[in-house]
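S.K.: coords below, sequence missing:
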């Protein structure tokens, strides 16, 4: 189903189960009453002030008209956006973003419970690279918050499911089809996956496509270790866990620990993604050709 461009149309919904809570609002599993299709619905609280409401709605409608162009098996589809006829229990009006429903769990949950095989690691990493390449080169946008919790499994069948990049409500569309300096301004991201250029510049930073590549490297680390990327102080071997400590460490030249028992192609792939100078990182298209994605034996148990 393609994105419904007329946001004045109201899709009748039945919210059934809370499946996520984020900064923007709560996400529910729901059913479309007109088609019986199971969908995911993000419920965003609006302001009481009418002018603030309209400003926020205009922002979402403009942004979602662009996101509605997404058409890739490794990206969550956005179907529609609309006002909710009913108010939240707080009395605030609500806005609905209707998306494809993924039956599987977030990648960050799954990697804690499964044994990551060479075939699975290669297949899932390739899917992520394909999805990021599509965002960067076909839609000319940067995600800015790629992490395991924002990547969903299309089903719980590990052998056949697709990984789908989600939470694209704050993507930034670029001014050019080719990578430029100062492509994006704005602070976004989760600290364990933040690129150095985001951390160093904070709210005045200049970020482009290569910031997603750093985050991809962190996600691959998460997949092979089954945990968030680990940051270790080289001088005393102490693991850094606090947000400010990790951000300072990365800003000063540090990066996540790459497990030392990984075969060469895997370690090299991660290392290329985690180069501190964004200009030195490969593009998503270049990563498609990396030996990691075609090697037979690419991982041992971490």
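M.R.: Received it, and whenever you're ready, just let me know what you need. Since this is a predicted model, take the numbers as computed values, not measurements.

S.K.: quick one: low-confidence parts of this structure?
M.R.: 1-8, 89, 169-189, 202-206, 295-302 (pLDDT under 70).

S.K.: Walking through this protein, point out its helices one by one.
M.R.: Using DSSP state H, the helices of the chain run over residues 50-67, 107-110, 118-133, 196-201, 210-225, 243-251, 264-273, 284-287.

S.K.: Point out the most buried one among those.
M.R.: Counting by mean count of other Cβ atoms under 10 Å, helix 210-225 has the highest mean neighbour count of these, with a mean of 25. (Each C-beta comes from the backbone N, C-alpha and C, glycine too.)

S.K.: so how far is that helix off the chain centroid?
M.R.: Mean-position distance between helix 210-225 and its chain equals 11 Å (Cα atoms, centre = their mean, to the nearest Å).

S.K.: try stretch 26-40
M.R.: Chain-centre distance of stretch 26-40: 22 Å, with Cα atoms, centre = their mean.

S.K.: same thing with stretch 125-141?
M.R.: What separates the centre of stretch 125-141 from the centre of its chain is 11 Å, taken as Cα atoms, centre = their mean.

S.K.: what about that stretch, how long is it end to end?
M.R.: 20 Å (Cα to Cα, to the nearest Å).

S.K.: and the residue lying closest to residue 64 once chain neighbours are set aside, how far is that from residue 242?
M.R.: In space, and not counting its chain neighbours, residue 64 is closest to residue 81: 4.8 Å by Cβ to Cβ, 6 or more residues apart in numbering. Computed as Cβ to Cβ, to the nearest Å, the residue 81 to residue 242 distance reads 37 Å.

S.K.: Looking at these two, which is more packed in?
M.R.: residue 81 (24 against 10; other Cβ atoms under 10 Å).

S.K.: so that one makes contact with residue 59?
M.R.: No - Residue 81 is beyond contact range of residue 59, at 10.7 Å (criterion: Cβ atoms under 8 Å).

S.K.: picking that back up, columns distance to residue 27 on top of the helices of the chain, output as a markdown table?
M.R.: Putting the helices of the chain into a markdown table (distance: least, Cβ to Cβ, whole Å) gives the following:
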| stretch | distance to residue 27 |
| --- | --- |
| helix 50-67 | 15 |
| helix 107-110 | 15 |
| helix 118-133 | 20 |
| helix 196-201 | 25 |
| helix 210-225 | 21 |
| helix 243-251 | 24 |
| helix 264-273 | 28 |
| helix 284-287 | 27 |
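
S.K.: List the contacts of residue 76.
M.R.: Residues near residue 76 by Cβ atoms under 8 Å, 6 or more residues apart in numbering: 40, 70, 99-100, 102, 152, 164-166, 168.

S.K.: Nearest residue to it in space, please, no chain neighbours.
M.R.: residue 166 (4.3 Å).

S.K.: For that neighbour, give its distance to residue 11.
M.R.: 20 Å.

S.K.: So if I had to pick from these two, which one is more boxed in?
M.R.: Set residue 166 next to residue 11 and count neighbours by other Cβ under 10 Å: residue 166 wins out with 22 against 19.

S.K.: Looks like the more buried one contacts residue 150 (just checking).
M.R.: Yes - counting by Cβ under 8 Å, residue 166 touches residue 150, with 5.4 Å between them.

S.K.: now the strands for the stretch 151-300 of the chain?
M.R.: 151-153, 163-165, 172-173, 231-232, 239-240 (DSSP state E, counting those that start in this stretch).

S.K.: tell me which strands and helices the fourth one is in contact with?
M.R.: What that stands for is strand 231-232. Secondary-structure packing of strand 231-232 (3 or more Cβ pairs under 8 Å, 6 or more residues apart in numbering; DSSP states H and E): strand 239-240, helix 243-251.

S.K.: Need the contact partners of it.
M.R.: 192, 238-240, 245-246, 249-250, 254-257.

S.K.: ranges for the strands of the stretch 1-150 of the chain?
M.R.: According to DSSP E, counting those that start in this stretch, the strands that the stretch 1-150 of the chain contains are 13-21, 25-32, 38-45, 78-83, 94-100, 141-142.

S.K.: Please identify which of those strands is closest to residue 233.
M.R.: Residue 233 lies closest to strand 141-142 among those, at 30.3 Å (Cβ to Cβ).
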